[in-house]
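Undergrad: any chance you can model this:
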Amino acid sequence: MGSPDVSGSPPGYTPAQISGAYGFSSVASNGDGQTIAIVDSYNDPNIVGDLQHFDSWFNLPSPPSFQVVGQSGGAPPTVSNAGWAAEESLDVEWAHAMAPSAKIDLVEANSSSLADLMAGVQWAASSSGASVVSMSWGFLEQSQISQSQETAYDRTFQQSNVTFVAASGDYGEPEYPALSPNVVGVGGTTLTLNSGTYGSESTWNLSQGSVTTSSGGGPSIFEAQPFYQNGLILSSFRAAPDVSYNAGPSGSSTSQTGEWFSIYDSFDTLNEFGSSNPEEPIGGTSAGSPQWAALIALANQQRATNGLPALTGYNQTLPAIYAMPGSDLHDITTGSNQYGIPAGPGYDMVTGVGTPDAPGVIASLSEVGVSPSADMVSAVPGSPVPSYFVKDSSGNVYYYTVSANSSGLLAEFGGLVASGAISISAAPAASTTNDEPSVFVLNGANDVYEIEYNPSSGTWGGLGGLIAVGVDAISAAPAVSATNNYPSVFVLNGAKDVYAFVYVPSSGTWGSLGGLIAVGVNAISPAPATPATNNYPSVFVLNGAQDVYELVYNPSSGTWGGLGGLIADGVDAISAAPASSNNYPSVAVLNGAGNVYDFAYNANTGSWGAIYGPVPVLVVVLPSTTHTKKAHTVGSSGGIQTYAYDGAS
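TA: Next up, the predicted model:
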């Protein structure tokens, strides 16, 4: 909840000042066509009139729609609470101030209990039509919410095309739901202006008598670290906050810098906030949640203009925030909270990645889901969710899920799964020995990480861990079969040696070194899974003389390395063909003229080499589904094209 101004300071910042400082005044978006849902507790009987007074006070237009409902969408509760009335005024008035043309739905829970508030969140997410939900409240882990409760409620925050935003807490400790890996957590800063424009910011930390309030932050004790925070802190747990926003003054009762937010609250006039005037100053991390929600609504408005759906928070908004260029944010590097957790360059656990520069944030969020300019593609065949992965020139890795519709195959954007990548490769499809297929990412430090498929959510992104170091290239082996019970990942090091890393079904992990299988190699690529026509799966290696050789799996020894023979020369790149549902699996090779040739497997001779081609594209990787095959290809301009395999030609 919002922190009281117990010193009786005059009203603080105005909408015009905050809009100017954070750049809202520099964007054309105003929230038109979007709905912001705000979930709070108890009924504020004056909130409709108070919003009208606030708008008149600051010369703001009325929202196109403002409705107040109960936690299940019906009539609001009959019980009121002065403290929560102030919270509702802060949330509603300032969400509206930053997105004046957005519709506002205020969802009032019956009480401040976790169950009632989350019931309101569930209705807001599924039934209100909102594209963003703000939650200016929280619960301390272990003492107020259990691990099993968090696990259950985390699923609520996986609603498609909805972003959830929550205050990180006002008393130094991080709170749930800001600690959920599916929620944007907002911490607090102290903003100072310079001639009416953005001046500087530091971590919010205010001591007034016996009361200290400061930005909630730190690691969760329950939630595992999401992939988008990998490498940012020395912890394997989720950290909050993700971002921050002005919360109010810092300092002491006698010396303060910064300002609160001005609100109009006629219900909360003679109470613990120490004010008898409806024009009150108030703040806390509660102020940042509805205003970041408003900012995301502005981005969703721009996305609608661009023909894109509203953002999905857990796999689009959150990864995109961490992938934003530094120019989109104000990096907060000074101050600490009441427990001494400091701000610093880049991500920190009191201000996250920083406060917004609205034009940059909107521009970045409005582009999420647009097919990136690809320079590498990889595929995960088979069940449970056929996917392909795209790496762009900035090192970001995105995934698309492949499904069938009446027109054929549909590739739907899934989200960002890794950044800092220089190469990607897909592991085999799910099987009895590999229930959770993986994607492997090679970063600029020559380390290989595994990105896992999460069957409970049907998404990709959980970081499986480091499996190799000192690697220059990676490639995946075909799916398991009677002749290959232990699928492998192949890595190429700087000495041009190829090693096999074996999947260990007993532990469900990758990384056991299967052995050196080739030397003098410049590139590697896997063969398709073992069909009836290819009982000996293969890996293809490209050497410095531009020759492609086949390395055969030996089922009797359970090892790789038998040289199957030369299948092509004059080759610059190689890629793998689809799995067993394509009766004529192929390996595609790219020559110096930019032509791709198809080398087909000959079931009668058990060998590779018949040429079908050329296809004038750069790189080909074929995902396998139970439907018509399509090759997703990367052209010289970075655009993704599709070539179909119809089973006959």
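Undergrad: count of neighbours near Gln149?
TA: Residues near Gln149, counting by other CB atoms under 10 Å, number 17. From N, CA and C alone the C-beta is placed, and that goes for glycine too.
Undergrad: so it belongs to a strand, correct?
TA: No: the assignment for Gln149, made by DSSP: H, G, I helix; E, B strand; the rest coil, is helix rather than a strand.
Undergrad: and the gap between it and Phe139?
TA: To Phe139, Gln149 is 9 Å away according to CB to CB, to the nearest Å.
Undergrad: which neighbours do those two share?
TA: Residues touching both Gln149 and Phe139 (CB atoms under 8 Å, 6 or more residues apart in numbering) are Leu114.
Undergrad: same for the helix or strand hosting Val92, what does it pack against?
TA: Using DSSP states H and E, the element containing Val92 is helix 82-98. Other elements packing on helix 82-98 under the criterion 3 or more CB pairs under 8 Å, 6 or more residues apart in numbering; DSSP states H and E are helix 15-22, strand 35-41, helix 47-57, strand 103-109, strand 261-264, strand 279-283, helix 285-305.
Undergrad: in this structure Trp94 contacts Phe261, no?
TA: Yes: with contact defined as CB atoms under 8 Å, Trp94 counts as touching Phe261 (6.2 Å).
Undergrad: what do those two both touch?
TA: Jointly contacting Trp94 and Phe261 under the rule CB under 8 Å, 6+ apart are 18, 287.
Undergrad: in the stretch 251-400 of the chain, which spans are helices?
TA: 285-305, 318-323, 358-366 (DSSP state H, counting those that start in this stretch).
Undergrad: mind listing what's buried along the second one?
TA: Neighbour counts using 16 or more other CB atoms under 10 Å place 318-323 of helix 318-323 among the buried residues.
Undergrad: repeat that for the longest one.
TA: Along helix 285-305, these residues count as buried under the neighbour rule (16+ other CB under 10 Å): 285-304.
Undergrad: now do it against helix 15-22, angle only.
TA: 70 degrees (axes from the mean of the first three to the mean of the last three CA atoms, to 10 degrees).
Undergrad: mean confidence (pLDDT) on helix 285-305, please.
TA: Mean pLDDT, helix 285-305: 97.
Undergrad: and the angle from that helix to strand 103-109?
TA: Going by the same axes, to 10 degrees, helix 285-305 makes 140 degrees with strand 103-109.
Undergrad: please shift the residue numbers so they start at 35 in all later answers.
TA: With the count now opening at 35, the last piece we talked about shows up as helix 319-339.
Undergrad: check which helices and strands helix 319-339 sits against.
TA: Short answer (3+ CB pairs under 8 Å, 6+ apart): helix 319-339 packs on strand 69-75, helix 116-132, strand 166-169, strand 197-201, strand 218-228, strand 277-280, helix 392-400.
Undergrad: distance to Ser361 and mean pLDDT added to the ones you listed, as CSV?
TA: Formatted as CSV, those follow (distance: least, CB to CB, whole Å; pLDDT from 0 to 100):
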stretch, distance to Ser361, mean pLDDT
strand 69-75, 26, 98
helix 116-132, 20, 96
strand 166-169, 23, 98
strand 197-201, 22, 98
strand 218-228, 18, 97
strand 277-280, 15, 98
helix 392-400, 6, 94
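Undergrad: and these as TSV, adding mean neighbour count?
TA: Conversion of the helices and strands packed on helix 319-339 to TSV gives the following (neighbours: other CB atoms under 10 Å):
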stretch	mean neighbour count
strand 69-75	28
helix 116-132	26
strand 166-169	33
strand 197-201	32
strand 218-228	27
strand 277-280	28
helix 392-400	21
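Undergrad: can you redo these as CSV with distance to Ser370?
TA: CSV is the format used below for those (distance: least, CB to CB, whole Å):
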stretch, distance to Ser370
strand 69-75, 29
helix 116-132, 25
strand 166-169, 25
strand 197-201, 19
strand 218-228, 12
strand 277-280, 13
helix 392-400, 25
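Undergrad: quick revisit: I'd like the helices of the stretch 285-434 of the chain as TSV, with distance to Thr246 appended.
TA: As requested, these are exported to TSV (distance: least, CB to CB, whole Å):
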stretch	distance to Thr246
helix 319-339	14
helix 352-357	28
helix 392-400	30
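Undergrad: the ones you listed: which one's closest to Gly478?
TA: helix 352-357 (15.2 Å; CB to CB).
Undergrad: can you tell me what sits against that closest one?
TA: Residues outside helix 352-357 that contact it (CB under 8 Å, 6+ apart): 215-216, 218, 260-263, 276-277, 345, 381, 387, 398-399, 402, 430, 449-451, 453, 495.
Undergrad: buried ones among those?
TA: Neighbour counting by 16+ other CB under 10 Å classes 215-216, 218, 260-263, 276-277, 345, 381, 387, 398-399, 402, 430, 449-451, 453, 495 among these as buried.
Undergrad: just the ones of the residues you listed in strands?
TA: Among the buried ones among the contacts of helix 352-357, the residues falling in strands (DSSP state E) are 218, 277, 449-451, 495.
Undergrad: from Leu399, how far off is Val102?
TA: Counting by CB to CB, the gap from Val102 to Leu399 is 28 Å.
Undergrad: coming back round to it: mind telling me the two of the buried residues of helix 352-357 farthest from one another?
TA: Among those, Leu352 and Ala357 lie farthest apart (CB to CB), at 9.8 Å.
Undergrad: so what's Pro324 up against?
TA: Counting by CB under 8 Å, 6+ apart, the residues that Pro324 touches are 70, 72, 124-126, 128-129, 168, 170, 199.
Undergrad: now distance to Gly369 too, for those, in a markdown table please.
TA: Putting the contacts of Pro324 into a markdown table (distance: CB to CB, whole Å) gives the following:
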| residue | distance to Gly369 |
| --- | --- |
| Ile70 | 30 |
| Ile72 | 28 |
| Leu124 | 23 |
| Asp125 | 25 |
| Val126 | 29 |
| Trp128 | 23 |
| Ala129 | 26 |
| Ser168 | 25 |
| Ser170 | 22 |
| Val199 | 23 |
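Undergrad: so which of those comes closest to Ser286?
TA: Leu124 (23.4 Å).
Undergrad: list the contacts of that closest one.
TA: Leu124 neighbours (CB under 8 Å, 6+ apart): 36, 170, 295, 297, 316-317, 320-321, 324.
Undergrad: partner strands of whatever helix or strand Ser236 lives in and their direction?
TA: Ser236 belongs to strand 231-237 when assigned by DSSP H and E. Within its sheet, strand 231-237 is paired with strand 218-228 (antiparallel), according to DSSP bridges.
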